[in-house]
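# Quick check, what structure comes out for this input:
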Amino acid sequence: MLRIAIIAGRFPVISETFILNQITGLIARGHEVHIYAKKPENVSKVHPNVEKYQLLQQTHYIPAIPENYIWRFLLGMILLLVNFPKAPLVILRSLNFVKYRKRALSLRLLYEVIPFLKSQPYDIIHCQFGLFGLHGMLYKDIGAIKGKLVTSFRGFDISKYLQESGEDVYNLLFVRGDFFLTNCNFFRQRAIKLGCDENKIVVHGSGIDCNKFPFKARQLSPDGKIRIATTGRLVEKKGIEYGIRAIAKLAKKHANIEYNIIGDGILKEHLQQLIENLDIADKVKLLGWKNQPEIIEILNQTHIFIAPSITAVDGNQDAPVNTLKEAMAMGLPVIGTRHGGIPELIEDGISGFLVAERDADAITEKLSYFIEHPEIWEQMGRAGRVHVEQHYDMNMLNDELVAIYQQVLMNNSQPLSEFSNNSVSPKYVS
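Predicted coordinates for the structure are as follows:
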């Protein structure tokens, strides 16, 4: 049995099922998992596995850090007095203003290490996203946590975050970290270009439970309506604006269509206004957040799925997104963009179509082709299902994750040849 610490941003988060799937997979395999994170802002909808596996009992939350510096200082002093006997050296190191500068001076580091003070040494410290790898490296440095440091790069952390913090932000982590994972080859190559040793990084995709996304051969509905869907946060990089604009163009030729957008985010008002301005409010609906059973129910009635991701102005990019995998597993023919890791998921002309980023006309053209050729839906849907089962099955990937952990523990600083991208089975490198 391995003892594993998961360091994440907020937990649980409904949009990060890829982290949840890894945690539950590890627990199901008999390993002990502790989660370190901030409390989520919205807990109105959570995945049923959070309760099933009693994950909140295994989650250690960082105390809320007051924005008001006076209150932060007063609460910080209380935390110091209460927790100092537990780990005096760790507390003192967290206040090392000379070494840790603003992070210590602002007392943020003191607040952040509090949840770790009762933790015993771990076999593996798995940091979800690169910036939490930086945190994990720091916590190890002050002795708050012990274990092999594994970091997963997943998207914004190796795109947008680089633009914000500089391309040298991970230099020290690449040296001190024990091993690294990326969810697509696109980001692996970027990490290597940034300076990561290619022997210390492999592609390990984000898996889904294919059994929970039943395949359905897509056929025309008796009412003739074509139902199209997108699932994703309403943020710039998801490119949903271009899906909406494509539907507005498509409606001029095919009136009997419906476009359901599942998700929420900062662009909700902007997108709703766009829908009104394009006069397609009768055809396009922003459905808000839905839990997994609700999403499955909607997709079960859908004919075509769009994932119009774009590179955002701030540099943010997507990997092969789980929502797209889920749609493909359910037999939906799909349209995606030549963006980030998406071309590693969609086989153009086989399971769907790829178009250029920000090209609403191209999306319209492919949607129109699908509508006029419903006889290809089932064939493309089956191809997508097979591809997801072969490359992104959660159980297969969780077995691989445990094997990677074990190799990290056995090989120390030696290259993990079994999982190096020169020799790994193609089914793991998508």
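# Quick one: name whatever helix or strand follows the helix or strand bottoming out on mean pLDDT in the chain.
Across the helices and strands of the chain, mean confidence by mean pLDDT, DSSP states H and E is lowest for helix 48-52: a mean of 89. Downstream of helix 48-52, the next assigned helix or strand under DSSP states H and E is strand 59-61.
# This structure - how does it break down into domains?
3-203, 210-391 (automatic domain parsing).
# Quick check: which of the ones you listed is nearest to residue 398?
For residue 398, the closest of these is domain 3-203, at 3.2 Å, according to CB to CB. From N, CA and C alone the C-beta is placed, and that goes for glycine too.
# And the closest one, how far out from the chain middle?
Taking CA atoms, centre = their mean, to the nearest Å, one finds the center of domain 3-203 at 15 Å from the center of the full chain.
# what's the first-to-last distance across it?
23 Å (CA to CA, to the nearest Å).
# Could you pull out the helices in the stretch 301-430 of the chain for me?
322-329, 360-372, 377-392, 394-411 (DSSP state H, counting those that start in this stretch).
# JSON lines for those helices, including mean pLDDT and mean neighbour count?
Shown next, in JSON lines, are the helices of the stretch 301-430 of the chain (pLDDT from 0 to 100; neighbours: other CB atoms under 10 Å):
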{"stretch": "helix 322-329", "mean pLDDT": "96", "mean neighbour count": "26"}
{"stretch": "helix 360-372", "mean pLDDT": "98", "mean neighbour count": "19"}
{"stretch": "helix 377-392", "mean pLDDT": "97", "mean neighbour count": "20"}
{"stretch": "helix 394-411", "mean pLDDT": "95", "mean neighbour count": "17"}
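# before we move on, the earlier item: flag every buried residue along the least confident helix or strand of the chain.
Neighbour-count burial for helix 48-52 flags 49, 50 (criterion: 16 or more other CB atoms under 10 Å).
# Tabulate the CA atom coordinates of it in PDB.
Extracted in PDB, the C-alpha atoms of helix 48-52 (Å, rounded to 0.1, in the frame of the first residue of the first chain):
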ATOM      1  CA  PRO A  48     -21.400  11.500  -6.300                       C
ATOM      2  CA  ASN A  49     -18.000   9.800  -5.800                       C
ATOM      3  CA  VAL A  50     -17.000  12.500  -3.300                       C
ATOM      4  CA  GLU A  51     -19.600  11.100  -0.900                       C
ATOM      5  CA  LYS A  52     -19.200   7.500  -2.000                       C
END
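# Quick check: beta-bridge partners of residue 153?
residue 182 (DSSP bridges).
# so what secondary structure elements neighbour the helix or strand harbouring residue 5?
Secondary structure assigned from DSSP H and E places residue 5 in strand 3-10. With contacts defined as 3 or more CB pairs under 8 Å, 6 or more residues apart in numbering; DSSP states H and E, strand 3-10 has these neighbours: helix 17-28, strand 32-38, strand 124-128, helix 130-141.
# Tabulate those (JSON lines), appending mean pLDDT and distance to residue 377.
Output for these, formatted as JSON lines (pLDDT from 0 to 100; distance: least, CB to CB, whole Å):
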{"stretch": "helix 17-28", "mean pLDDT": "94", "distance to residue 377": "26"}
{"stretch": "strand 32-38", "mean pLDDT": "97", "distance to residue 377": "40"}
{"stretch": "strand 124-128", "mean pLDDT": "98", "distance to residue 377": "36"}
{"stretch": "helix 130-141", "mean pLDDT": "97", "distance to residue 377": "39"}
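# Please identify which of the ones you listed is closest to residue 386.
helix 17-28 (20.1 Å).
# for the closest one, packing partners?
strand 3-10, strand 32-38, helix 48-52, helix 394-411.
# at 10 Å what do you get?
Using 3 or more CB pairs under 10 Å, 6 or more residues apart in numbering; DSSP states H and E, the elements in contact with helix 17-28 are strand 3-10, strand 32-38, helix 48-52, strand 124-128, strand 148-153, helix 322-329, helix 394-411.
# Which one of these lies nearest to residue 25?
helix 394-411 (3.2 Å).
# still on that earlier bit, so for residue 411, which of the domains of the chain sits nearest?
domain 3-203 (9.1 Å).
# want to try a markdown table for the domains of the chain, with distance to residue 400 as columns?
Formatted as a markdown table, these follow (distance: least, CB to CB, whole Å):
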| stretch | distance to residue 400 |
| --- | --- |
| domain 3-203 | 9 |
| domain 210-391 | 11 |
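# Looking at those, which is nearest to residue 404?
domain 3-203 (7.1 Å).
# in the protein, which ranges drop under the pLDDT threshold?
Where the chain drops to pLDDT under 70, the residues are 43-44, 412-430.
# same thing but 80
Along the chain, segments meeting pLDDT under 80 span 14-15, 42-46, 411-430.
# Run a quick neighbour tally on the nearest residue to residue 39 once chain neighbours are set aside.
Leaving aside its sequence neighbours, residue 39 sits nearest to residue 61 (CB to CB, 6 or more residues apart in numbering; 5.1 Å). By the criterion of other CB atoms under 10 Å, residue 61 has 16 neighbours.
# And residue 61, how close does it get to residue 9?
Residue 61 sits 12 Å away from residue 9, going by CB to CB, to the nearest Å.
# Could you name every residue contacting both of the two?
37, 38, 40 (CB atoms under 10 Å, 6 or more residues apart in numbering).
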